[in-house]
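Participant: The following comprises the amino acid sequence and a computationally predicted model.
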Amino acid sequence: MKSLSPEEVSSFGSNLILGNTYHLYLRPGHKLIEKAGGLHSFMNWSGSLLTDSGGYQVFSLSKLNNISDEGVEFRSHLDGSSHYFTPEFSMEIQRSLGSDIIMAFDECPMGKADYSIVEAAVNRTSRWAKQCADYLSESNPLFDWDQTFFPIVQGSVFEDLRKQSAEQLLPFAGCGMAVGGLAVGEEKGAMFDMLDLMDSELPKDQPRYLMGVGRPSDLVRSVRSGMDMFDCVLPTRNARNGQVFTSAGVLNLMNEQYKDDFTPVDADCSCSLCKDYSRAYIRHLFNVNEILGHRLATIHNLTYYQTLMSRMRKEIEQDNFGIWSENILNEMSGYKGM
């Protein structure tokens, strides 16, 4: 979390954070982190850690890579140096990082990719999942805790390929499964159709992790489809650009209209930004490029997201989630950016 300490992130109610295998491999290097005692020790994080596999970079850095059945050759976005990831090497890196949840090495095609391309990616992802699982079964964790393996279902918006992927990956799902390859350019309705399909295909007694989603309304709608876990850069990236999520929609605090607005950002929020500072002051911080503005906006957005997730858990426990989620989705639909 840029500008925040692990202790601050934990104080907002976060007990699981994500580390990026690709970036940690490039800097500072997985062997250095292993030498430090793993990523928990290296960054002083006492909660749980999930690391992605580097597979998403196959998608997001597509202009810098070359994919084959054996793995991915790519060039660093930092200096152009050449590197090669295989499923086994991704597992080796994640062993060194010491994450609690290890993600399978997968291929994530573009949201509007042709059927043949997606089919090839599904088959490759299944083969790679077996290679990952084999590597983990033949190697031991490097630290004094177990590491859980999540396979990643692919298939884009093709129902038969989604079913095929889920079926092929079920043997590798001991404690959870992820749904990847959504929110990557496909229509929003198609994404939710795939989630409704996955609700009937994935194990009911294991957490379902929807990767790369999303906006507040997307989270609520996805929980309605049986998803449990999410990751997304949206709350922190948007915060650094002056955009905050509130009970009245998204506010862009850099807009002129907040120049002399001395009200709280969100009267319904109890974070330090909303308790102690006005919209006008936060706008001033962004206008003079003061890092405090980034910090306070990030604190607020993380608080908003954690509060939303906590509320969903409460409504589920009280057997009231169906009614509550319909009401909150109707409310959010009236606000741009939610």
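Facilitator: Okay, I see it. Numbers count the residues shown, from 1 in each chain.

Participant: how many neighbours does residue 201 have?
Facilitator: 16 (other Cβ atoms under 10 Å). Any C-beta I mention is one placed from the backbone N, CA and C, and that applies to glycine too.

Participant: Also residue 154?
Facilitator: 30.

Participant: try residue 317
Facilitator: Residue 317: 9 neighbours (other Cβ under 10 Å).

Participant: for residue 69, helix, strand, or coil?
Facilitator: Following DSSP: H, G, I helix; E, B strand; the rest coil, we place residue 69 in the coil state.

Participant: which ones are touching the residue nearest to it when sequence neighbours are not counted?
Facilitator: The shortest distance from residue 69 to any non-neighbouring residue, by Cβ to Cβ, 6 or more residues apart in numbering, is to residue 124 (6.1 Å). Shown in contact with residue 124 (Cβ atoms under 8 Å, 6 or more residues apart in numbering): 67, 69, 107.

Participant: What residues of whatever helix or strand residue 305 lives in count as buried?
Facilitator: Here residue 305 sits within helix 291-317, counting by DSSP states H and E. For helix 291-317, the neighbour count (16 or more other Cβ atoms under 10 Å) marks 293-309, 312, 315 as buried.

Participant: Same question for stretch 230-245.
Facilitator: Those buried within stretch 230-245 under the rule 16+ other Cβ under 10 Å are 230-232, 234-236, 238-240, 242-245.

Participant: Output the lowest mean pLDDT helix or strand found in this structure.
Facilitator: helix 55-60 (a mean of 71; mean pLDDT, DSSP states H and E).

Participant: Domain ranges for the protein, per the record?
Facilitator: 13-232, 241-332 (automatic domain parsing).

Participant: tell me the most buried of the ones you listed?
Facilitator: Sort the domains of the chain by mean neighbour count, taking mean count of other Cβ atoms under 10 Å, and domain 13-232 sits at the top with a mean of 19.

Participant: Compute the first-to-last residue distance for that domain.
Facilitator: Separation of the first and last residues of domain 13-232 by Cα to Cα, to the nearest Å is 16 Å.

Participant: tell me the strands in the stretch 201-338 of the chain, going along the chain?
Facilitator: 208-211, 229-231, 243-246, 249-252 (DSSP state E, counting those that start in this stretch).

Participant: can you redo those as TSV with distance to residue 73 and mean pLDDT?
Facilitator: Shown next, in TSV, are the strands of the stretch 201-338 of the chain (distance: least, Cβ to Cβ, whole Å; pLDDT from 0 to 100):
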stretch	distance to residue 73	mean pLDDT
strand 208-211	23	98
strand 229-231	26	97
strand 243-246	37	98
strand 249-252	40	98
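
Participant: can I get those in CSV with distance to residue 88?
Facilitator: Below are these laid out as CSV (distance: least, Cβ to Cβ, whole Å):
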stretch, distance to residue 88
strand 208-211, 22
strand 229-231, 24
strand 243-246, 40
strand 249-252, 43
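
Participant: Look up how far residue 312 lies from residue 204.
Facilitator: 18 Å (Cβ to Cβ, to the nearest Å).

Participant: same question, residue 132
Facilitator: In terms of Cβ to Cβ, residue 132 sits 31 Å off from residue 312.

Participant: and what of residue 265?
Facilitator: 22 Å.

Participant: Hmm, residue 293 is touching residue 285, no?
Facilitator: Yes - between residue 293 and residue 285 there is a contact under Cβ atoms under 8 Å: 3.0 Å.

Participant: Contact partners for residue 245?
Facilitator: 216, 235, 238, 300-301, 304-305, 337-338.

Participant: which residues in the stretch 1-150 of the chain form strands?
Facilitator: Using DSSP E, counting those that start in this stretch, strands in the stretch 1-150 of the chain cover 16-19, 48-51, 65-67, 72-75, 82-85, 101-103, 148-150.

Participant: Go through those strands and find the least confident stretch.
Facilitator: The minimum mean pLDDT among those belongs to strand 65-67 (a mean of 85).

Participant: who does that strand pair up with?
Facilitator: If you go by DSSP bridges, strand 65-67 pairs up with strand 72-75 (antiparallel).

Participant: ok, residue 321 to residue 37 distance?
Facilitator: 40 Å.
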